[in-house]
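[1] Pasting the sequence and the predicted model now:
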Amino acid sequence: MRESPKAPRDVNPRELPLDELIERAGVIIEALPYISAFRGAVIVVKYGGSAMLEPELKHTVIQDVALMELAGMRLVIVHGGGPAIDAHLDRLGIEPQFVDGLRVTTAETLEVVGMVLSALNREIVSALNRAGTLAVGLTGKDARLVEARKHSPPAPNGGKGQDIGFVGEVVRINPQIIKLLHENNIIPVIMPLGMDAQGQAYNINADTVASAVAAEMKADKLVLLTEARGILRDRRDSNSVIPQIARAEVEALIESGVVDGGMIPKVRACLNALEQGVGKTHILDGRLPHSLLLEILTDKGIGTLIY
(Lines give C-alpha, C1' and ligand atoms only; values in the text may rest on other atoms or scores of the structure.)
Protein backbone atom coordinates (compact mmCIF):
# COMPACT_ATOMS: atom_id res chain seq x y z
CA MET A 1 0.00 0.00 0.00
CA ARG A 2 1.32 3.45 -0.93
CA GLU A 3 1.64 6.25 1.60
CA SER A 4 -1.21 8.69 2.08
CA PRO A 5 -0.81 11.88 0.03
CA LYS A 6 1.04 14.71 1.70
CA ALA A 7 0.64 18.42 1.08
CA PRO A 8 3.36 20.06 -1.07
CA ARG A 9 6.20 21.56 0.88
CA ASP A 10 5.61 25.09 2.28
CA VAL A 11 2.29 25.55 0.44
CA ASN A 12 -1.02 26.33 2.12
CA PRO A 13 -3.71 26.62 -0.60
CA ARG A 14 -5.88 28.74 1.70
CA GLU A 15 -3.21 31.45 1.67
CA LEU A 16 -3.04 31.71 -2.14
CA PRO A 17 -4.99 34.37 -4.10
CA LEU A 18 -8.08 33.09 -5.91
CA ASP A 19 -6.64 34.11 -9.31
CA GLU A 20 -3.58 31.93 -8.70
CA LEU A 21 -5.72 28.99 -7.67
CA ILE A 22 -7.78 29.35 -10.86
CA GLU A 23 -4.57 29.56 -12.93
CA ARG A 24 -3.31 26.35 -11.29
CA ALA A 25 -6.58 24.64 -12.15
CA GLY A 26 -6.14 25.74 -15.77
CA VAL A 27 -2.70 24.11 -15.89
CA ILE A 28 -4.21 20.84 -14.66
CA ILE A 29 -6.97 21.04 -17.30
CA GLU A 30 -4.38 21.64 -20.02
CA ALA A 31 -2.61 18.44 -18.99
CA LEU A 32 -5.73 16.24 -19.13
CA PRO A 33 -5.63 15.30 -22.84
CA TYR A 34 -1.94 14.44 -22.57
CA ILE A 35 -2.51 12.31 -19.47
CA SER A 36 -5.30 10.51 -21.34
CA ALA A 37 -3.18 10.02 -24.48
CA PHE A 38 -0.13 8.71 -22.61
CA ARG A 39 -1.88 6.49 -20.08
CA GLY A 40 -0.13 3.12 -20.39
CA ALA A 41 2.62 4.60 -22.58
CA VAL A 42 6.21 3.45 -22.03
CA ILE A 43 8.51 6.44 -21.47
CA VAL A 44 12.27 6.00 -21.02
CA VAL A 45 14.04 8.90 -19.29
CA LYS A 46 17.79 9.37 -19.24
CA TYR A 47 18.54 11.28 -16.04
CA GLY A 48 21.86 13.01 -15.51
CA GLY A 49 23.80 16.26 -15.39
CA SER A 50 22.77 19.20 -13.20
CA ALA A 51 19.40 17.62 -12.53
CA MET A 52 21.25 15.03 -10.41
CA LEU A 53 23.41 17.55 -8.55
CA GLU A 54 21.24 20.44 -7.38
CA PRO A 55 18.86 19.51 -4.54
CA GLU A 56 15.88 21.50 -5.85
CA LEU A 57 16.27 20.13 -9.38
CA LYS A 58 16.54 16.59 -8.01
CA HIS A 59 13.32 17.18 -6.10
CA THR A 60 11.43 18.43 -9.17
CA VAL A 61 12.60 15.53 -11.36
CA ILE A 62 11.41 13.04 -8.75
CA GLN A 63 8.07 14.88 -8.54
CA ASP A 64 7.69 14.79 -12.33
CA VAL A 65 8.47 11.07 -12.58
CA ALA A 66 6.15 10.23 -9.68
CA LEU A 67 3.27 12.22 -11.14
CA MET A 68 3.70 10.64 -14.57
CA GLU A 69 3.76 7.13 -13.09
CA LEU A 70 0.74 7.80 -10.87
CA ALA A 71 -1.07 9.10 -13.97
CA GLY A 72 -0.65 5.68 -15.58
CA MET A 73 2.53 6.07 -17.63
CA ARG A 74 5.11 3.28 -17.50
CA LEU A 75 8.45 4.91 -16.69
CA VAL A 76 11.97 3.53 -17.06
CA ILE A 77 14.79 5.65 -15.61
CA VAL A 78 18.37 5.23 -16.87
CA HIS A 79 20.77 7.44 -14.95
CA GLY A 80 24.32 8.59 -15.40
CA GLY A 81 26.67 10.04 -12.82
CA GLY A 82 29.59 11.68 -14.62
CA PRO A 83 30.16 14.69 -12.32
CA ALA A 84 29.97 12.55 -9.17
CA ILE A 85 32.37 10.02 -10.69
CA ASP A 86 34.80 12.80 -11.65
CA ALA A 87 34.68 14.22 -8.11
CA HIS A 88 35.46 10.83 -6.56
CA LEU A 89 38.32 10.18 -9.00
CA ASP A 90 39.71 13.61 -8.17
CA ARG A 91 39.75 12.73 -4.47
CA LEU A 92 41.76 9.61 -5.37
CA GLY A 93 44.19 11.64 -7.45
CA ILE A 94 43.03 10.05 -10.73
CA GLU A 95 42.56 12.43 -13.66
CA PRO A 96 39.49 11.58 -15.79
CA GLN A 97 40.25 10.90 -19.44
CA PHE A 98 37.83 10.80 -22.37
CA VAL A 99 38.01 9.66 -25.99
CA ASP A 100 35.19 10.82 -28.28
CA GLY A 101 33.07 11.59 -25.23
CA LEU A 102 33.58 8.15 -23.65
CA ARG A 103 35.32 7.76 -20.28
CA VAL A 104 38.59 5.82 -20.40
CA THR A 105 37.86 3.09 -17.85
CA THR A 106 40.70 1.21 -16.20
CA ALA A 107 40.00 -1.58 -13.70
CA GLU A 108 40.39 0.97 -10.87
CA THR A 109 38.11 3.46 -12.60
CA LEU A 110 35.51 0.75 -13.22
CA GLU A 111 35.42 0.02 -9.49
CA VAL A 112 34.85 3.71 -8.75
CA VAL A 113 32.16 3.95 -11.45
CA GLY A 114 30.30 0.98 -9.98
CA MET A 115 30.50 2.35 -6.43
CA VAL A 116 29.34 5.87 -7.35
CA LEU A 117 26.53 4.68 -9.63
CA SER A 118 25.30 2.30 -6.92
CA ALA A 119 25.10 5.15 -4.39
CA LEU A 120 23.26 7.39 -6.87
CA ASN A 121 20.90 4.57 -7.78
CA ARG A 122 19.95 3.99 -4.14
CA GLU A 123 19.35 7.72 -3.70
CA ILE A 124 17.01 7.92 -6.71
CA VAL A 125 15.08 4.80 -5.71
CA SER A 126 14.68 6.05 -2.14
CA ALA A 127 13.42 9.45 -3.34
CA LEU A 128 10.87 7.86 -5.69
CA ASN A 129 9.61 5.56 -2.96
CA ARG A 130 9.22 8.54 -0.60
CA ALA A 131 7.28 10.37 -3.34
CA GLY A 132 4.54 7.74 -3.24
CA THR A 133 5.60 5.52 -6.13
CA LEU A 134 7.35 2.15 -6.09
CA ALA A 135 10.84 1.88 -7.59
CA VAL A 136 13.57 -0.76 -7.79
CA GLY A 137 17.24 -0.23 -8.64
CA LEU A 138 18.94 -2.37 -11.28
CA THR A 139 22.30 -2.62 -12.96
CA GLY A 140 22.60 -3.79 -16.53
CA LYS A 141 24.10 -6.96 -15.04
CA ASP A 142 20.88 -7.92 -13.21
CA ALA A 143 18.95 -10.66 -15.06
CA ARG A 144 21.38 -10.04 -17.95
CA LEU A 145 19.43 -6.87 -18.65
CA VAL A 146 22.25 -5.30 -20.70
CA GLU A 147 24.43 -7.74 -22.64
CA ALA A 148 27.58 -5.93 -23.69
CA ARG A 149 30.88 -6.26 -25.49
CA LYS A 150 34.08 -4.26 -25.34
CA HIS A 151 33.93 -1.01 -27.28
CA SER A 152 36.80 -0.43 -29.70
CA PRO A 153 36.94 3.12 -31.12
CA PRO A 154 37.81 3.11 -34.82
CA ALA A 155 41.07 4.69 -35.95
CA PRO A 156 41.02 7.46 -38.58
CA ASN A 157 42.57 5.13 -41.18
CA GLY A 158 39.95 2.46 -40.59
CA GLY A 159 42.12 0.29 -38.35
CA LYS A 160 41.77 -0.47 -34.66
CA GLY A 161 41.64 2.60 -32.45
CA GLN A 162 42.88 3.38 -28.95
CA ASP A 163 42.05 0.90 -26.21
CA ILE A 164 39.89 2.81 -23.70
CA GLY A 165 39.59 -0.04 -21.20
CA PHE A 166 36.40 -1.48 -19.76
CA VAL A 167 34.04 0.58 -21.89
CA GLY A 168 31.20 -1.37 -23.43
CA GLU A 169 28.63 -1.14 -26.14
CA VAL A 170 25.19 -2.71 -26.05
CA VAL A 171 24.77 -6.06 -27.78
CA ARG A 172 21.28 -6.89 -26.55
CA ILE A 173 18.68 -5.72 -24.06
CA ASN A 174 16.75 -8.47 -22.26
CA PRO A 175 13.60 -6.64 -21.11
CA GLN A 176 11.88 -9.39 -19.09
CA ILE A 177 12.68 -7.84 -15.72
CA ILE A 178 11.48 -4.40 -16.89
CA LYS A 179 8.19 -5.88 -18.09
CA LEU A 180 7.77 -7.79 -14.84
CA LEU A 181 8.25 -4.61 -12.81
CA HIS A 182 5.86 -2.66 -15.02
CA GLU A 183 3.19 -5.33 -14.57
CA ASN A 184 3.41 -4.58 -10.85
CA ASN A 185 3.48 -0.78 -11.25
CA ILE A 186 7.13 -0.52 -10.21
CA ILE A 187 9.59 1.91 -11.83
CA PRO A 188 12.91 0.35 -12.91
CA VAL A 189 15.88 2.63 -12.17
CA ILE A 190 18.85 1.39 -14.21
CA MET A 191 22.54 2.23 -13.86
CA PRO A 192 24.46 1.89 -17.16
CA LEU A 193 26.68 -1.11 -16.51
CA GLY A 194 26.59 -4.16 -18.78
CA MET A 195 28.14 -7.61 -18.79
CA ASP A 196 29.56 -9.86 -21.50
CA ALA A 197 29.17 -13.63 -21.87
CA GLN A 198 32.23 -14.22 -19.66
CA GLY A 199 30.83 -12.10 -16.83
CA GLN A 200 33.10 -9.09 -17.40
CA ALA A 201 31.43 -5.81 -16.42
CA TYR A 202 31.60 -2.74 -18.69
CA ASN A 203 30.90 0.95 -18.24
CA ILE A 204 28.45 2.10 -20.93
CA ASN A 205 27.32 5.59 -21.92
CA ALA A 206 23.94 6.26 -20.25
CA ASP A 207 22.43 7.85 -23.40
CA THR A 208 23.32 4.68 -25.32
CA VAL A 209 21.73 2.40 -22.72
CA ALA A 210 18.59 4.55 -22.56
CA SER A 211 18.28 4.47 -26.34
CA ALA A 212 18.74 0.69 -26.47
CA VAL A 213 16.19 0.11 -23.69
CA ALA A 214 13.68 2.39 -25.41
CA ALA A 215 14.20 0.55 -28.71
CA GLU A 216 13.76 -2.90 -27.16
CA MET A 217 10.64 -1.79 -25.28
CA LYS A 218 9.26 -0.04 -28.40
CA ALA A 219 8.77 2.91 -26.11
CA ASP A 220 6.38 5.69 -26.98
CA LYS A 221 8.97 8.26 -25.94
CA LEU A 222 12.67 8.55 -25.14
CA VAL A 223 13.57 11.67 -23.14
CA LEU A 224 17.16 12.84 -22.60
CA LEU A 225 17.74 15.38 -19.83
CA THR A 226 20.81 17.40 -20.88
CA GLU A 227 22.78 20.56 -20.12
CA ALA A 228 21.35 22.36 -23.17
CA ARG A 229 17.96 23.84 -23.97
CA GLY A 230 17.63 21.47 -26.92
CA ILE A 231 19.03 21.50 -30.45
CA LEU A 232 19.99 25.09 -31.28
CA ARG A 233 19.70 26.54 -34.79
CA ASP A 234 22.53 28.90 -33.82
CA ARG A 235 24.94 27.58 -31.17
CA ARG A 236 25.70 31.15 -30.07
CA ASP A 237 22.05 31.92 -29.40
CA SER A 238 20.48 29.94 -26.54
CA ASN A 239 17.06 31.19 -27.65
CA SER A 240 17.30 29.52 -31.07
CA VAL A 241 15.90 26.18 -29.88
CA ILE A 242 14.38 24.05 -32.64
CA PRO A 243 11.03 23.00 -31.13
CA GLN A 244 10.60 19.97 -33.36
CA ILE A 245 12.45 18.42 -36.26
CA ALA A 246 12.05 15.36 -38.48
CA ARG A 247 14.61 12.58 -38.22
CA ALA A 248 15.63 13.05 -41.86
CA GLU A 249 16.67 16.67 -41.23
CA VAL A 250 18.98 15.95 -38.29
CA GLU A 251 21.90 14.40 -40.23
CA ALA A 252 22.26 17.62 -42.24
CA LEU A 253 22.62 19.58 -38.99
CA ILE A 254 25.41 17.25 -37.87
CA GLU A 255 27.22 17.47 -41.20
CA SER A 256 26.96 21.27 -41.24
CA GLY A 257 28.31 21.55 -37.69
CA VAL A 258 25.11 23.01 -36.23
CA VAL A 259 25.02 19.94 -33.99
CA ASP A 260 28.48 19.21 -32.61
CA GLY A 261 30.47 18.09 -29.57
CA GLY A 262 28.60 16.39 -26.77
CA MET A 263 25.26 16.92 -28.47
CA ILE A 264 26.18 14.50 -31.28
CA PRO A 265 25.98 11.26 -29.20
CA LYS A 266 22.68 12.44 -27.70
CA VAL A 267 21.20 13.13 -31.13
CA ARG A 268 22.57 9.81 -32.41
CA ALA A 269 20.90 8.04 -29.46
CA CYS A 270 17.61 9.64 -30.47
CA LEU A 271 18.03 8.70 -34.14
CA ASN A 272 18.93 5.09 -33.29
CA ALA A 273 15.85 4.81 -31.08
CA LEU A 274 13.57 6.21 -33.79
CA GLU A 275 15.03 3.85 -36.40
CA GLN A 276 14.15 0.91 -34.13
CA GLY A 277 10.53 1.82 -33.53
CA VAL A 278 10.45 4.38 -30.70
CA GLY A 279 7.58 6.81 -31.23
CA LYS A 280 9.20 10.18 -30.48
CA THR A 281 12.34 11.43 -28.79
CA HIS A 282 12.94 14.59 -26.75
CA ILE A 283 16.09 16.50 -25.78
CA LEU A 284 15.36 18.69 -22.74
CA ASP A 285 17.25 21.07 -20.49
CA GLY A 286 17.48 19.26 -17.17
CA ARG A 287 18.43 22.56 -15.50
CA LEU A 288 14.86 23.82 -15.96
CA PRO A 289 12.56 22.84 -13.06
CA HIS A 290 9.78 20.44 -14.10
CA SER A 291 11.13 20.19 -17.66
CA LEU A 292 9.63 16.69 -18.00
CA LEU A 293 6.11 17.86 -17.22
CA LEU A 294 6.42 21.00 -19.33
CA GLU A 295 7.50 18.97 -22.37
CA ILE A 296 5.19 15.98 -22.01
CA LEU A 297 2.01 17.47 -20.52
CA THR A 298 1.67 21.00 -21.96
CA ASP A 299 0.71 22.43 -25.35
CA LYS A 300 4.01 24.10 -26.23
CA GLY A 301 6.77 22.01 -24.68
CA ILE A 302 10.19 23.45 -23.90
CA GLY A 303 12.87 21.34 -25.63
CA THR A 304 13.46 19.72 -29.03
CA LEU A 305 11.20 16.93 -30.22
CA ILE A 306 12.70 14.63 -32.88
CA TYR A 307 10.08 12.58 -34.72
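    That came through fine.
[2] End to end on stretch 220-237, go ahead and measure it.
    31 Å (Cα to Cα, to the nearest Å).
[3] next one: stretch 65-79
    Using Cα to Cα, the end-to-end distance of stretch 65-79 comes to 13 Å.
[4] Only the buried residues of it, if you could.
    Buried residues in stretch 65-79, counted by 16 or more other Cβ atoms under 10 Å: 65-69, 71, 73-79. From N, CA and C alone the C-beta is placed, and that goes for glycine too.
[5] Could you do stretch 220-239 as well?
    For stretch 220-239, the neighbour count (16+ other Cβ under 10 Å) marks 220-226, 228-232 as buried.
[6] now swap in stretch 77-92 and tell me
    77-82, 84-86, 88-89.
[7] Please apply the same query to stretch 195-209.
    195, 201-209.
[8] average pLDDT for it?
    Stretch 195-209 shows a mean pLDDT of 94.
[9] By pLDDT, rank the buried residues of stretch 77-92 and give me the bottom one.
    By pLDDT, residue 82 ranks lowest within those, coming in at 88.
[10] Just give the nearest non-adjacent residue to residue 205, would you?
    Spatial nearest neighbour of residue 205, excluding adjacent residues (Cβ to Cβ, 6 or more residues apart in numbering): residue 102 at 6.2 Å.
[11] State the distance from that neighbour to residue 61.
    Distance from residue 102 to residue 61, counting by Cβ to Cβ, to the nearest Å: 25 Å.
[12] now, which of the buried residues of stretch 220-239 sits nearest residue 145?
    residue 222 (16.9 Å; Cβ to Cβ).
[13] Quick check: phi and psi on the closest one?
    phi -120, psi 130 (degrees, to the nearest 10).
[14] Residue 300 too?
    The phi/psi pair for residue 300 (degrees, to the nearest 10) is phi -90, psi -40.
[15] neighbours around it, how many?
    For residue 300, the neighbour count with other Cβ atoms under 10 Å is 8.
[16] how close does it get to residue 244?
    Taken as Cβ to Cβ, the span from residue 300 to residue 244 is 11 Å.
[17] Over to residue 297?
    For residue 297, the distance to residue 244 - Cβ to Cβ - is 16 Å.
[18] more neighbours, the two?
    residue 297 (24 against 14).
[19] Show the contacting residues for that one.
    Contact analysis of residue 297 by Cβ atoms under 8 Å, 6 or more residues apart in numbering lists 30-31, 34-35, 68.
[20] so residue 173 makes contact with residue 146?
    Yes - counting by Cβ atoms under 8 Å, residue 173 touches residue 146, with 6.2 Å between them.
[21] Which neighbours do those two have in common?
    Listed as contacting both residue 173 and residue 146 by Cβ under 8 Å, 6+ apart are residue 212.
[22] phi, psi of residue 240?
    For residue 240, the backbone dihedrals (degrees, to the nearest 10) come out as phi -100, psi 40.
[23] That one: neighbour count?
    14.
[24] ok, which stretches of the stretch 201-307 of the chain are strands?
    201-203, 221-226, 244-245, 280-285, 304-306 (DSSP state E, counting those that start in this stretch).
[25] Is it possible to get a markdown table of those strands that adds distance to residue 166?
    Below are the strands of the stretch 201-307 of the chain laid out as a markdown table (distance: least, Cβ to Cβ, whole Å):
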| stretch | distance to residue 166 |
| --- | --- |
| strand 201-203 | 5 |
| strand 221-226 | 24 |
| strand 244-245 | 35 |
| strand 280-285 | 28 |
| strand 304-306 | 31 |
